[in-house]
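**Student:** show me the folded form of this:
(2 chains)
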Amino acid sequence: MEKEQLKLTAMSLLISLGFFASLNLAYLGWIKDADTQDYEAGYKKEVSPEESAKEAKPNARKSYAS
Amino acid sequence: MPENRMRVKNKPLVTVTFNTWNCEFLLELINPQRAVGEIEAEIKARLFNYEQAFSRFLNYSELGRLNQGQTVEPSPLFIKVLQQAEALVATIKSDYFNPHVDLAAQGYDTTFDDLGLKKIKYSVTANIKAPEFPSGVHHQDNGLKLSPNVKLDFGSFLKGLVSAQIADIYAPDCDGLVVNFGGDLSVRGKDLEADTFAIGIYNPVLKKDHVVLLKNQSLCTSGSYKRTWTKGTELKHHITNPVLGTSSNSDYVSITFWGLDGAMCDALATAAFNAKPEVWKQWQQALPGVHYLAVHKSGEIITSTTF
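**Tutor:** Numbering: from 1, shown residues only, chains lettered A, B, ... in the order given. Here you go, the predicted structure:
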């Protein structure tokens, strides 16, 4: 009987821990709501200028007839 | 969750790309200080408004209705662009640059996506000289109407005008930007690690770029190597000589002008196909800060600047 009670207590502790952990992660910004994701679609995260240059479209600085 | 938003930073260089007006629109923003998604939405709305007013391929656009012979009450935007066209013609002269040229009569009567798919039927066989611009535009019953058989087409300067306008609007929202509207560019501010932007002008014969440095300028290219089609056995392209009423017959396959005025540079790049290089030189000397580079069909270039 004591073993069963221990199991139950451990499980409820784990569940509570998970709940509070996810709250904390959301607060820290590691889990994002839909609103934040939309926002970030416009605001990309910071990368180095070298990485940005690689991602730049090759045609962006090219003039041609169209 | 405002705390999250505070932590999000922009890339130093953000690129926005989409297709519109049957060409590619590219925007590069250096250290933007506004939501890029918001800027993109605003630009798309602006381009949509221009298309509704000036598209040759939309029967219900203001220009489309005028070209069908209807009387149209013009929007303030239409009046403004019409006046800009008059100013451009006054500087460049109607024999070289004329918004009355009739591309549809030459077989270019639908978008290029469609043009490639259909067999063109020609309703016009004779080449017709375009009337002096804007003599074919009449004010009638609080509206505008065109003379019979006269058409309007602002395609030869609109992309240059709009690219410069967009660059001016968003320059305060970033450290620098490049607006590339189907090869017609405007730059403002500074590049990531330089005060100027290095722009490549494509040489379609040698398949290489000639690089020029721009600062707060626009650069526009016209070329007879794009948007070509055949009329019978005759190869046509989208640059029309207003005097001959048919495709321009130039030894140059690509002509680029750059300077402070985007609409002017775009118009000059088109007009130069109808003028000798001596005339380009006169334009360049009369307009402060204007330069050109032209690619001969042999691949050789002539330019008003040095590399």
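**Student:** what does the stretch 51-200 of chain B have sitting close to chain A?
**Tutor:** Contact residues (C-beta under 8 Å from any C-beta of the partner chain) of the stretch 51-200 of chain B with chain A: B:159, B:178, B:180, B:182-185, B:192-193, B:197-200. C-beta: built from backbone N, CA, C; applies to glycine.
**Student:** now the strands for the stretch 51-200 of chain B?
**Tutor:** B:137-140, B:143-146, B:176-181, B:184-189, B:197-203 (DSSP state E, counting those that start in this stretch).
**Student:** any chance of TSV for these, columns mean neighbour count and mean pLDDT?
**Tutor:** TSV is the format used below for the strands of the stretch 51-200 of chain B (neighbours: other C-beta atoms under 10 Å in any protein chain shown; pLDDT from 0 to 100):
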stretch	mean neighbour count	mean pLDDT
strand B:137-140	13	92
strand B:143-146	19	96
strand B:176-181	27	97
strand B:184-189	28	98
strand B:197-203	21	95
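**Student:** for residue B:102, which of these is the nearest?
**Tutor:** strand B:143-146 (10.9 Å; C-beta to C-beta).
**Student:** what helices and strands are in contact with that closest one?
**Tutor:** helix B:62-67, strand B:137-140 (3 or more C-beta pairs under 8 Å, 6 or more residues apart in numbering or on different chains; DSSP states H and E).
**Student:** output these in TSV; the columns should cover distance to residue B:224.
**Tutor:** Shown next, in TSV, are those (distance: least, C-beta to C-beta, whole Å):
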stretch	distance to residue B:224
helix B:62-67	24
strand B:137-140	28
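**Student:** looking at these, spot the one closest to residue B:89.
**Tutor:** strand B:137-140 (11.7 Å).
**Student:** in its sheet, which strands sit next to that closest one, and in what direction?
**Tutor:** strand B:143-146 (antiparallel) (DSSP bridges).
**Student:** for the residue in the stretch 151-300 of chain B positioned nearest to chain A, which residues make a bridge with it?
**Tutor:** Here the stretch 151-300 of chain B gets closest to chain A at one residue, residue B:223, 2.6 Å apart by C-beta to the nearest C-beta. According to DSSP bridges, the partner residues bridging residue B:223 are residue B:254.
**Student:** ok now do it, which residues does it touch?
**Tutor:** A:64-65, B:204, B:253-255 (C-beta atoms under 8 Å, 6 or more residues apart in numbering or on different chains).
**Student:** wait, is residue B:50 part of a helix?
**Tutor:** Yes. Counting by DSSP: H, G, I helix; E, B strand; the rest coil, residue B:50 is part of a helix.
**Student:** what's the burial count for the nearest residue to it once chain neighbours are set aside?
**Tutor:** In this structure, residue B:50 finds its nearest non-sequential neighbour in residue B:162, 6.1 Å apart by C-beta to C-beta, 6 or more residues apart in numbering or on different chains. Residues within reach of residue B:162, counting by other C-beta atoms under 10 Å in any protein chain shown, total 25.
**Student:** and residue B:286, what are its phi and psi?
**Tutor:** phi -80, psi -30 (degrees, to the nearest 10).
**Student:** skip the chain neighbours and tell me the closest residue to it.
**Tutor:** residue B:91 (7.8 Å).
**Student:** show me the contacts for that neighbour.
**Tutor:** Applying C-beta under 8 Å, 6+ apart, the residues contacting residue B:91 are B:264, B:283, B:286-287.
**Student:** what's the most distant pair in the residues you listed?
**Tutor:** Spanning the widest gap among those are B:264 and B:286, at 11.0 Å by C-beta to C-beta.
**Student:** who's more crowded, those two?
**Tutor:** residue B:264 (26 against 9).
**Student:** tabulate the CA atom coordinates of the helix or strand where the more buried one lies in CSV.
**Tutor:** Using DSSP states H and E, residue B:264 maps to helix B:262-271. In CSV, the C-alpha atoms belonging to helix B:262-271 read as follows (Å, rounded to 0.1, in the frame of the first residue of the first chain):
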residue,chain,number,x,y,z
GLY,B,262,14.1,56.9,-60.6
ALA,B,263,11.4,57.8,-63.1
MET,B,264,13.8,59.8,-65.2
CYS,B,265,16.4,57.0,-65.3
ASP,B,266,13.8,54.4,-66.3
ALA,B,267,12.5,56.7,-69.1
LEU,B,268,16.0,57.4,-70.3
ALA,B,269,16.9,53.7,-70.4
THR,B,270,14.0,53.2,-72.7
ALA,B,271,14.4,56.3,-74.7
